[in-house]
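1. Structure here, sequence nowhere to be found:
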Ligand code: ADP
């Protein structure tokens, strides 16, 4: 490589989000610094995957180099560590985009999380978000990248240099060999990364399963071969064998493709280490799914169900699907055709020899084999989760707390798998203790014969739901009510209508069928309260209707939505998302409890003078109480306080 003298060195600025990320990386990451090597090796391996894939139809790209390798070079004199690959490389444009000016979507949210995260978990987050390259600045005060895009001539190489502050430079340079060299000028305190044993250890720990050899030249002492000599010479040799220093290329990683081995040959430790390497998760997975499918299509599957929510699921564009291999070549880093989006937390590898290797991605994506594999692996994931739910329920609850909300998206998306998917749902309920969950099967099993529907209530948190008036009738009848407190539950429940032929019914919507005794009384009450309700309806424009309640036992009033109407919780969610129809709320039905002394008193008052001003006042208070009880905000809180105060004053005057 030599610099072409007449090409100018251009100085450019990092995009501002990247500058902030770099600032954090250089100034506040002090632990797990060694992960920089994992990131660079993983980029190198991706680059080799890409050139292999691109060259399927264009062998010329390879320039005769098929000796895939990632090389580490430690130069103790210059204090540099170089990671080189013979992968696809980068053009001038790509390097400017990828290493400087394009920040991925979600970068700002990522920055916030990074600032708030504990120091120890930060490098992990960096890898998961995919700013891996920049982690080099944890250990280097200057990084030089020299690269050439496969297909470009050797005089079209590019050199990128940066100290990881505001700027970087690019220049066009000669590069004879394919691929990319990333050279780190190590900071004073980081010279240990020039040490052979340290590098070996880091590669073993973080990059052992990288499928290309990670090699390094090492110096070894070797005995010097003795020529046939005299007796005298031999004696000499016994005393002090002569050695010389030789340089040998050694491979530091084991390159085991675990998914190609049979289950019985793989240790749990190996699965865990492989999972960590492909997921950048520091935790062991909750479950490993490893099998070979035989039949019409033969394929090997090694999938992992994480125990913790991976960071990339929350920000940016989460990647969906396992890696897809065909005849040991990685065809796709994330094959979206193989998993539905709501199972995007499942990581791993699918290897299928029956797929064509030399066709475009687009054509591959339409291949019916992919669909068959998808059906098969989704089923396997469901049975694995189902078994975990049955046999390791504590572990399942922990898993569900982390990832259940993502699976719930499927309830609204995957109608084909509705039954097994809803069978995996667990919820807290009125009859469970806080923090304990029941499944839909358990709920249905416990339903008494006269209960026909599965009742549920949505809301922000358990504490709020536990005390709502909606539960009174269910407490009275000992019918359980599921508590749904994930924001996604509202949306999921608009699609989930039934489970095992039992319909879902929101406890705060529609009517609750009265039992025989209340039914008889209800007819009398209808007559008694008809006139009062008509007066109240004419005064309370806030409500859609007023009716006698079949669900209240202790409270005087509550608000319910129409069967198909929007519930209070959904309305609050929509408002928070800025989609509340300009702050407008839908009107609800005011239910009043005929057994409650306030309602009875109000009825008597109305019977004696239907124009008494207190009727409207108290009617409005009953409505306002119900708004507070459903967890929503009052339109006129000051008016409400005044109405209450007036009553308090009246009560106190009597003392
Ligand atoms: P990620 O690898 O998650 O995309 P990085 O910040 O590590 O994020 O890398 C950014 C991009 O730079 C990569 O997506 C790739 O396009 C490019 N890149 C980095 N290292 C290499 C390399 N060794 N060879 C080719 N391209 C690379």
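-> Noted; the coordinates are in hand. Please read these numbers as outputs of a predicted model, since none were measured by experiment.
2. After the lowest-mean-pLDDT helix or strand in the chain, which helix or strand is next? Please name it.
-> None of the helices or strands of the chain scores lower by mean pLDDT, DSSP states H and E than helix 231-239, at a mean of 58. Towards the C-terminus, the helix or strand next in line after helix 231-239, according to DSSP states H and E, is strand 243-251.
3. which residues sit against the helix or strand just after that next one?
-> Once the chain leaves strand 243-251, the next helix or strand it forms, by DSSP H and E, is helix 268-279. The contact list for helix 268-279 (C-beta atoms under 8 Å, 6 or more residues apart in numbering) reads 38, 206-210, 256, 258, 281-282, 284-285, 288, 290, 302, 304, 306, 310, 323, 347-349. C-betas here are computed from N, CA, C, even on glycine.
4. try stretch 459-475
-> Contacts for stretch 459-475 (C-beta under 8 Å, 6+ apart): 428, 430, 434, 455, 457, 480-481, 483-485, 507-508, 512, 550-555, 557-558, 560, 569, 572, 626, 629-631.
5. Next: stretch 620-631.
-> 459-460, 464, 468-469, 508, 539-540, 542-543, 555-559, 568-569, 572, 590, 592, 598-599, 633-634, 640, 643-644, 647.
6. Can you select the buried ones among the residues you listed for me in PyMOL?
-> In PyMOL, a selection of the buried entries from the contacts of stretch 620-631 looks like this (16 or more other C-beta atoms under 10 Å):
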select buried, resi 459+464+468+469+508+540+542+543+555+556+557+558+559+568+569+572+590+592+598+599+640
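7. taking the contacts of stretch 620-631 one by one, which sit in strands?
-> Those of those mapping onto strands are 557, 558, 559, 590, 592, per DSSP state E.
8. any chance of those in a markdown table, plus pLDDT and distance to the ligand?
-> Output for these, formatted as a markdown table (pLDDT from 0 to 100; distance: C-beta to the nearest ligand atom, whole Å):
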| residue | pLDDT | distance to the ligand |
| --- | --- | --- |
| 557 | 96 | 56 |
| 558 | 95 | 52 |
| 559 | 94 | 50 |
| 590 | 96 | 55 |
| 592 | 96 | 60 |
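9. among those, which two are most distant?
-> Longest distance between any two of those is 10.7 Å, between 559 and 592; criterion C-beta to C-beta.
10. With distance to residue 295 added, can I get the ones in strands among the contacts of stretch 620-631 in CSV?
-> Formatted as CSV, these follow (distance: C-beta to C-beta, whole Å):
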residue, distance to residue 295
557, 62
558, 57
559, 56
590, 61
592, 64
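11. Tell me the one among these nearest to residue 319.
-> Nearest to residue 319, judged by C-beta to C-beta, of the ones in strands among the contacts of stretch 620-631 is residue 559 at 43.4 Å.
12. what's near enough to touch the closest one?
-> Residues near residue 559 by C-beta under 8 Å, 6+ apart: 508, 543, 568, 588, 589, 590, 591, 623, 626, 627, 629, 630.
13. what's the closest non-adjacent residue to the fourth one?
-> Leaving aside its sequence neighbours, residue 588 sits nearest to residue 559 (C-beta to C-beta, 6 or more residues apart in numbering; 4.3 Å).
14. beta partners of the one you found?
-> When bridges are called by DSSP bridges, residue 559 pairs up with residue 590.
15. The contacts of helix 268-279 in helices, which ones?
-> When the contacts of helix 268-279 are checked against helices (DSSP state H), the matches are 38, 206, 207.
16. From the structure, what's the count of residues near the last one?
-> By other C-beta atoms under 10 Å, 24 other residues sit near residue 207.
17. again, but for the first one
-> Here the number of neighbours of residue 38 (other C-beta under 10 Å) works out to 23.
18. Let me know the pLDDT of it.
-> We have a pLDDT of 87 for residue 38.
19. how about the closest residue to it other than its chain neighbours, what does it touch?
-> Once flanking residues are discounted, residue 38 sits nearest to residue 206: 3.8 Å by C-beta to C-beta, 6+ apart. With contact set as C-beta under 8 Å, 6+ apart, residue 206 has these partners: 34, 35, 37, 38, 41, 276, 277.
20. gap between residue 531 and the ligand?
-> Computed as C-beta to the nearest ligand atom, to the nearest Å, the residue 531 to the ligand distance reads 71 Å.
21. same question but for residue 621, I mixed them up
-> Residue 621 is 59 Å from the ligand, where distance means C-beta to the nearest ligand atom.
22. pLDDT (mean, whole number) over the helix or strand where that residue lies?
-> Assigned by DSSP H and E, residue 621 falls within helix 613-629. Taken as a whole, helix 613-629 carries a mean pLDDT of 94.
23. Now do the same contact list for the residue nearest the centre of the chain.
-> Closest to where the C-alpha atoms of the chain average out (C-alpha atoms, centre = their mean) is residue 313, at 2.4 Å. Neighbouring residues of residue 313 by C-beta under 8 Å, 6+ apart: 344, 345, 406.
24. about what we covered before: return a ChimeraX selection command for the buried portion of the contacts of stretch 459-475.
-> To isolate the buried members of the contacts of stretch 459-475 in ChimeraX, using 16+ other C-beta under 10 Å:
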select :428,430,455,457,480,481,483,484,485,507,508,512,550,551,552,553,555,557,558,560,569,572,626,629,630
